[in-house]
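Okay, structure incoming, though there's no sequence with it:
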């Protein structure tokens, strides 16, 4: 169980308390304010015409029938935006993306024109009435074919570009690794494909853009996880049309799930802003679910050739990965700028490798842009899935139990801080502890016996382990930036005369409970009850600058800023307390909420009394008030970890995989609110289950999407989702002010491999070494048929 | 997401409704549960100029045994069929089927009649009605007529209903002693259409089959009555070898197409496996064992 | 295009509208009545975010026309709290952390409310089956199940 014992009382509600959430009050009553709830006088509606073709020249756009519909005010096209040089925009990875095309479209579902109308319904009628003529062009959907010489060049907009190769990136020691492989006793190799998936948060993306012609101020309510970054990007991109950063206000209201899918700037936002600038009216754009599933929020799509080298006794020695990354028609991935493959090089995982090398090549294809950091930090799900599958293959090849192999190779507690072959310094870890607890909770030895007996009877049962190391909290300014903006985060904390507080942060919760957890951090540091700490995020006019919430960075970075700001406040309060008690600062001790004189505990001042004095009786020569700002530049990332064990039974008649049990042991260091952490894990596990067994987005040879609605994109219901069992170990982060690591994404990172490993485990004795996710019943059945064991 | 415009009527009687259908012909569509029609209209794959909402007509919602049949009225919701003790006790095949239409929310609106009249080959009730040897009652300007379910489906989304007729009642032959049935559906997740599903309704006399109905869902352009598999059961003992035999034949009678739910081989194999499993369950129910 | 006058009893209060027949019930609630508690999550009747009660039955309000609700009773999330007191369902969701981003929550709670009315002591399987038409991306359903179990222990109002 968690070893976080609370220093504060439940009334104060500091770290470790499962405090009920403050933000629930409005959500329970249906009073959340989401972007589609925003209604302004004179508001117009934008709806988008999209391309049915994956690659085609636009030869004509006829808007006459649409414009004839009463209530349709305008049809915005690429030609119109081109007049303002807004038809293309930069992506977060410094590539370029079309807002609206002038010459050609490059993915099915791409925005082609936008209808502006007085009502949502008329805008939809307008979209139906716009007529577009296309001249289809050859379609490239296979990234391997895209990289072959002679392939159709997609980015004809880039002068001098003669291929579909975006970038090459590598890390590690190639020569040393190649030599290690050449000399190794055992090598294993496997091609692993991690398909494209869609974030599919229940709320789709959208915005209300309002440009006020009188004062030149643009206000945009937007489903964004990073409002400040958006504001700066808008100022840089549209400065030439009169947008100035002090006159741009991005408001991120309540967001119905982000998970990384609400980080990018989507063309719809820019078109809505342009339409508002042109008309001076508020313009609302809310995408339909099918638009979202066909044009936005895509992740993964990595083709990996993975190799491990080691000894017959189970010692792992070297790792070598070669990856083709399918980015769609532009690199709009959300990665720190120096790392176009994100943090994929965490792929040495929880293991102590002596040599490692990896290379990634990115390709353009006729698909929508992909590579969102979907609840995976940055590409960490891809990394963990690969290493955990390979470790299982290695173990099974040499006939060693996968749990034993992992324990043999885990980085040992005394090796931390641990420098990996790819240059990461892992802060802390106790991998054996987590795996042991998971094995104990699931009853590992009993299960192995059961599996052996079932095998004799021809029944298929499997046990799968995933012992992952996550890497979150981007990140130190030395290495991490997005579009040049460093990845610090911030807190501005002010204490009121009556001892209550307001804290504003540069992050933006989309359900993670920051209004509660950040208040709990302040409560821990100052002893002000969390109930009395108002937390605000998301309005760029008032919140301090931050890079937003994704990649599990809020607790590690902004949470740290909150703790540091609170400590600055406490330092000033100490001075005030000393003044009020007429002692020197050194004579004072602190317990949560109170300074007291050493040896005379009855001589004390509460934090509330100090706050009151800051406004009514502050020492001469000191500024009045009691507040502090902290911009926190993390010294390192943090490394949450865990071990998950999954048990599956396979129906030989239908190929269906039933998860019998799933135990998740997570270690995210010190925990602020155990209830909220468990909620994050349950949700993350379900988002790991989804791609493991159900979800994928595919394209046929003509670039037509397969699975572009919720009828075919299989988001798990309560019936597909098992009853998750969770437990914890606690290994604090030594460098984080409150020893916390962040946890929002661990489960999405670790779960798919546990499930995949369980299925392969059930089939290994039949000669099956690997199955790509999603492991669907038809896939399983085909294997059973091939091996002659289908019912 | 937004349907095209249409004119709307909500008649209070059947004759009013039929008159409207006569008036508007192919431009009209009946709205009952709306759980198939409205999604199509939102995608603009259907754009009827006139929608005739029959939900306000009294006397069309009932489940009762009458005149040798289990009779079900046009406006009976799937949720009502699913919850009916009469259906669960005496027509378990029907209870099984109603319980896997869509999801619980869809079932509160969707009607059994609509599921048949819409004639989507992926719908579940057609196969079940084929297995029951059921019939439907169509009411039009010239009165009512009874249509055997085996004559009812003529193609994808097409039935023998005339444009001015409304399906007003479903008739399932009265449950006989020694009868049992089961519906087994493989779906990718709750709410999905079937990758394949099999409806089985049998009667046992002693240990032999005296009647058998087998219907197959979503493994052909229309629902399939596996007549050869049915024949392979009659007079035979209710033992494994008979079951496997019939299951194998039923799979041959399927005509599946490959799609996102699976390959032709996979679906055919599902038909075999599900037929066998449904038969085993139907036998248990027929013998009164649970 | 003819509009139709309708009167819908929403949370106990008659509400009037003059609407196009094609106006979806969910849009009538959100736009015409400015009751934005009911949410829209999809366009293929797949997610259940829009769930309301129509004459006591939980339905997807995106798959019904407003005109179908004429003369009938609709209950939305805004109708759960009565006289300043939260319904036991709302209490359960709060107590058991059955919500995170809150977007699926109104629909999920309306389904749960109707579920407990028809099945006052549901098993875990009954609950999971009962909410299988409502998608949630945040919670993984575990705490939603607990929330409904919590509510089932409290007396119904």
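Thanks, I have the structure now. As the structure is a computational prediction, the values presented were derived from the model and not from experiment.

Tell me, how many residues neighbour residue A:155?
Look at residue A:155: counted by other C-beta atoms under 10 Å in any protein chain shown, it has 17 neighbours. The way it works is simple: take the backbone N, C-alpha and C, and place the C-beta from them, glycine included.

And for residue A:723?
There are 15 residues near residue A:723, going by other C-beta under 10 Å.

One more: residue C:24?
When neighbours are counted by other C-beta under 10 Å, residue C:24 registers 27.

Which element is encountered next along the chain beyond the helix or strand residue B:204 falls within?
According to DSSP states H and E, residue B:204 maps onto strand B:194-205. Later in the chain than strand B:194-205, the nearest helix or strand by DSSP H and E is strand B:208-217.

between that next one and strand B:194-205, how big is the angle?
Strand B:208-217 runs at 160 degrees relative to strand B:194-205, counting by axes from the mean of the first three to the mean of the last three C-alpha atoms, to 10 degrees.

Measure how far strand B:208-217 is from the centre of its chain, please.
Chain-centre distance of strand B:208-217: 15 Å, with C-alpha atoms, centre = their mean, to the nearest Å.

does that strand come close to chain A?
No: in terms of C-beta under 8 Å from any C-beta of the partner chain, no part of strand B:208-217 sits within range of chain A; the closest distance is 14.6 Å.

list the buried ones in that strand?
Across strand B:208-217, burial judged by 16 or more other C-beta atoms under 10 Å in any protein chain shown covers B:209, B:211, B:212, B:213, B:214, B:215, B:216, B:217.

One more: stretch A:191-209?
Across stretch A:191-209, burial judged by 16+ other C-beta under 10 Å covers A:192, A:194-209.

so where's the chain shaky on pLDDT?
Using chain A here. A:1-4 (pLDDT under 70).

Oops, wrong one, chain C.
Ranges of chain C meeting pLDDT under 70: C:1.

mind listing the strands for it?
Using DSSP state E, the strands found in chain C span residues C:4-10, C:13-19, C:51-54, C:57-60, C:73-75.

And for the stretch 101-250 of chain B?
Under the criterion DSSP state E, counting those that start in this stretch, strands of the stretch 101-250 of chain B are mapped to B:135-140, B:143-148, B:153-155, B:158-159, B:166-173, B:179-187, B:194-205, B:208-217, B:224-225.

Identify each buried residue in the third one, please.
Spelled out, it's strand B:153-155. Buried residues in strand B:153-155, counted by 16+ other C-beta under 10 Å: residue B:153.

mind listing what that strand pairs with, with the direction of each?
strand B:158-159 (antiparallel) (DSSP bridges).

Disregarding residues adjacent in the polypeptide, which is nearest to residue B:281?
Nearest residue to residue B:281, sequence neighbours excluded (C-beta to C-beta, 6 or more residues apart in numbering or on different chains): residue B:182, at 3.9 Å.

so the one you found makes contact with residue B:95?
No: assessed by C-beta atoms under 8 Å, residue B:182 is found out of contact with residue B:95, at 9.8 Å.

more crowded one of those two?
residue B:182 (26 against 21).

Tell me who's in contact with that one.
Counting by C-beta atoms under 8 Å, 6 or more residues apart in numbering or on different chains, residue B:182 makes contact with B:92, B:93, B:96, B:199, B:200, B:277, B:278, B:279, B:281, B:282, B:285.

Tell me which residue of the stretch 251-400 of chain A lies closest to chain B.
Closest approach of the stretch 251-400 of chain A to chain B (C-beta to the nearest C-beta) occurs at residue A:288, with a separation of 4.6 Å.

Report whether the expected contact of that residue with residue B:1 is present.
Yes: using C-beta under 8 Å, residue A:288 makes contact with residue B:1 at a distance of 4.6 Å.

Identify the contacts common to those two.
Common neighbours of residue A:288 and residue B:1 (C-beta under 8 Å, 6+ apart) are residue C:43.

now the angle between strand B:179-187 and the longest helix belonging to chain B, please.
Longest helix of chain B, by residue count under DSSP state H: helix B:264-286. Per the same axes, to 10 degrees, the angle that helix B:264-286 makes with strand B:179-187 is 150 degrees.

so how far is helix B:264-286 from its chain's centroid?
Distance, centroid of helix B:264-286 to centroid of chain: 18 Å (C-alpha atoms, centre = their mean).
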